Every structure is written in C-alpha cells, then in structure tokens.
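**Q** Sequence first, predicted coordinates after that:
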Amino acid sequence: NTTTNTTNCLFVGTHREIEKKILSQTEFEHVPLSVEPVANITRHPLRFLMRNRNAYCSAKKILQRTSVKCVVGLGGMASLSVLYAAKKLSLPVLLMEQNIVLGRANRWFSKHAKGIALTFAETEGIKPATSKLTSVTGNPVRHDIAMLHQSSLMSNEPSPPTLLVLGGSQGATAINRVVMKTIKQIEPRQKANWHIVHQTGVHQEQEIIEFYQQQNISHTVAPFFSEMAPLYQSASLVISRAGATTLAELACTGSPAILIPYPNSVRDHQRKNARYFEQAGAARIVEQQDNPTQTAKQLSNVLSMLFSDKTELTSMQKAMHAIAIPDAAAWVVKMITEITTVL
C-alpha cells in the first residue's frame, strides 16, 4: 500500500460509498466500475450481461491507459472485469484470498492466475491444478496495527476491563441488539467497572449511547473508528463478526475475541473463518440465532466466563499472537515481484 518512485497503485472497484470514503483519505486513484452482482444473473440477465460487458470494456481501456504491469484481484464482480481484461492484454495476475473459503471470482479465474496469495493454508476450493500457484502470505493489515504484534504479549491488563464491540459492517444492527440484551443480563456488580468501546454502524449510535447511559456503564461510542490500533491495544476482549480483515487485525494485536459469524456470508465463509480461530484457541464462537434473546443468553455466558478467567484470556491472547502473520504485506509484494517482469 505504498507509492514509491517506481511503483504506483491504482484501485479499480465499485461505486460503494465505503470504497470512496476509504480511498479518498489516501493518495491513491480510485476508478469505480458499474457492475452487476452474480445474484442478479437470473432476475435481470440482460442487465447483468450488459453492465458487466461494459465494465470489462472500461477495465481494458483503463489498463491500456495506465500501462499496468501487474493486476491484483481481491474477489467480487468488479475484480473479474479487470482480471479478464488483464488476461486479454497478457498481463500477469495475482489473486488474493482473505477467507478460508476461495471466493467465487477467485475460483473462476484461478486457472489463469500467475499466483494465489492465501491467508490460510487450509483454504477450501483450491484445485490440484492450481495448488502449485499458492503461497500462504497472510492477510495484509495497516502498518500501525501490524507493528503492535511485537508488543501485544507485553501489554498490561487494561484497567478497567475494556470490551471492544465491532459492529459497523455486515449485520451491525443484529450485533448491536444482541450486545444490548447481553449487557442487561449480566449482573450489575460484574459490569460495574467495565468500559465498553462500541462501533455501532451508521444507524444506531444515539440509541447505543442512551442505552449505556441508562445502564450506568462507562462507554465510548461511534459509528466508525478510523484509528483502530489504540482500541485493540486497550481492549481486554473483542466482540466481532468473523470477516477476514478484522481477524487478521485481531491476530496481529493479540486480541482475544468472541466471534459472531455473519450467518448469510457467501459459502458460510465467516463461520469457517471463526472455526479456524476457535480451534487454535484464540477465540470463542457464539452463533447468531433467529431469536436475539437466545443469542444474548449464550453471549452473556461466554462473556461472563471470560471476564472472570484471566488465565483463559491470557491463553487466548497467546494463541491469537501465534496465528498472526504481521509481515503479510511484504510477502504479497514478494509474490508480485516474482510474477512481474518489470515492477
């Protein structure tokens, strides 16, 4: 993610607001494409074909205009348009798979790639013919978060105990509701000295603030936090979904976690991601039930148990630390260098 005197990065993506917001804060150029998701192929087949054909033509023009030397695909329909344009122009392609299940776009294009960077050695969906192209690089995270890996085992226990709640993306409303129900179920004497840092997403910030005020719990609440490193560093325990980037950040910062996998994730990848971390002893899984009260009951039991067992939290912290690949970005750059004639 660094621009040097010899290398420039161009991000080709979609019109999603989150992409615009993130990249507007950087020096990188962002070119959005109008693509149609695979889910619409049966409902709107003509629109699907036309939009993605146009996206492919636009991507081809972009690659020719910018004299690109290598294309890195991160999955999704927007990436497929660029990947097939790269293939047409005989440009080398590196695929990156952040989840433990190979995504649809990466699966479709894998036979054309020069390399596939994996986060997990156990990634599902790798065909024997393409297995020789894979390397386990880990999932790159921001530099300030990667740097915390060196000190994550030396951090002192936060005082007061601090719970970091990460909603704010897929299924944030469900996480928020469950957490509020959970806090209500925990005995007042146990939560009396807690501090809760809660990322709510865009719709429930004020509701969550009022809830913590009513519960008389120390809190820091915002729709999103741009500076995550100090929040991870101060957290005793994290409640989160099981998205790939968040998990990589949890590992680098040695943050014990309770994971609530998003139940509608494609090919159930969040549950499978979470299971890997649970089996490593780094996290506990709480399944999201149809009835939020049932989820809250399970979450309150796990939360109460972990906050009363410092030995277990320390063990989870060490397991998280062991899973981390803090130099993942360097490994990905190495793969790009290897497959590119001129970087």
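**A** Yep, that arrived.

**Q** count of residues packed around the spatially closest residue to P160 that is not a sequence neighbour?
**A** Leaving aside its sequence neighbours, P160 sits nearest to N193 (C-beta to C-beta, 6 or more residues apart in numbering; 4.5 Å). To be clear about C-beta, it is placed using only N, CA and C from the backbone, and glycine gets the same treatment. N193 has 11 neighbouring residues, counting by other C-beta atoms under 10 Å.

**Q** And K184, by the same measure?
**A** K184: 13 neighbours (other C-beta under 10 Å).

**Q** which intervals of the chain have sub-threshold pLDDT?
**A** By pLDDT under 70, the weakly predicted segments of the chain are 1-6, 155-158, 168-171, 341-343.

**Q** which residue is nearest the centroid of it?
**A** The centre of the chain sits closest to T245, judged by C-alpha atoms, centre = their mean, with a distance of 2.5 Å.

**Q** L89 against L63, yeah?
**A** Yes: assessed by C-beta atoms under 8 Å, L89 is found in contact with L63 at 5.7 Å.

**Q** More neighbours: the two, which one.
**A** It is L63, of L89 and L63, that has more neighbours when counted by other C-beta under 10 Å, with 19 against 13.

**Q** so what's the more buried one up against?
**A** The contact partners of L63, by C-beta atoms under 8 Å, 6 or more residues apart in numbering, come to V71, V82, A85, A86, L89, L91.

**Q** one more time with 7 Å, if that's ok
**A** A85, A86, L89, L91 (C-beta atoms under 7 Å, 6 or more residues apart in numbering).

**Q** Now name the helix or strand holding it.
**A** Element membership for L63 (DSSP states H and E) is helix 45-66.

**Q** Please name every helix or strand in contact with the helix or strand just after that helix.
**A** Per DSSP H and E, the first helix or strand lying C-terminal to helix 45-66 is strand 71-73. Packing partners of strand 71-73 (3 or more C-beta pairs under 7 Å, 6 or more residues apart in numbering; DSSP states H and E): helix 77-88, strand 93-97, helix 104-109.

**Q** Make TSV out of those and add mean neighbour count and distance to M50.
**A** Compiled in TSV, those are given as follows (neighbours: other C-beta atoms under 10 Å; distance: least, C-beta to C-beta, whole Å):
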stretch	mean neighbour count	distance to M50
helix 77-88	22	13
strand 93-97	25	25
helix 104-109	20	19
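
**Q** and A283, which of the ones you listed is closest to it?
**A** strand 93-97 (20.3 Å; C-beta to C-beta).

**Q** would you say the residue nearest to P160 is within a helix?
**A** No: membership of N193 in a helix is not supported by DSSP: H, G, I helix; E, B strand; the rest coil, which gives coil.

**Q** quick one, phi psi at it?
**A** The phi and psi values for N193, taken as degrees, to the nearest 10, are phi -110, psi 10.

**Q** gap between it and F307?
**A** Counting by C-beta to C-beta, to the nearest Å, the gap from N193 to F307 is 10 Å.

**Q** Between the two, which contacts overlap?
**A** With C-beta under 7 Å, 6+ apart as the test, N193 and F307 both reach P161.

**Q** what about the strands in this structure?
**A** If DSSP state E is used as the criterion, the strands of the chain fall at 10-13, 29-32, 71-73, 93-97, 115-118, 134-136, 162-166, 195-199, 218-222, 237-240, 257-259, 283-285.

**Q** could I get those as a markdown table with distance to T340?
**A** Shown next, in a markdown table, are those (distance: least, C-beta to C-beta, whole Å):
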| stretch | distance to T340 |
| --- | --- |
| strand 10-13 | 15 |
| strand 29-32 | 19 |
| strand 71-73 | 10 |
| strand 93-97 | 9 |
| strand 115-118 | 10 |
| strand 134-136 | 15 |
| strand 162-166 | 35 |
| strand 195-199 | 37 |
| strand 218-222 | 40 |
| strand 237-240 | 35 |
| strand 257-259 | 36 |
| strand 283-285 | 36 |
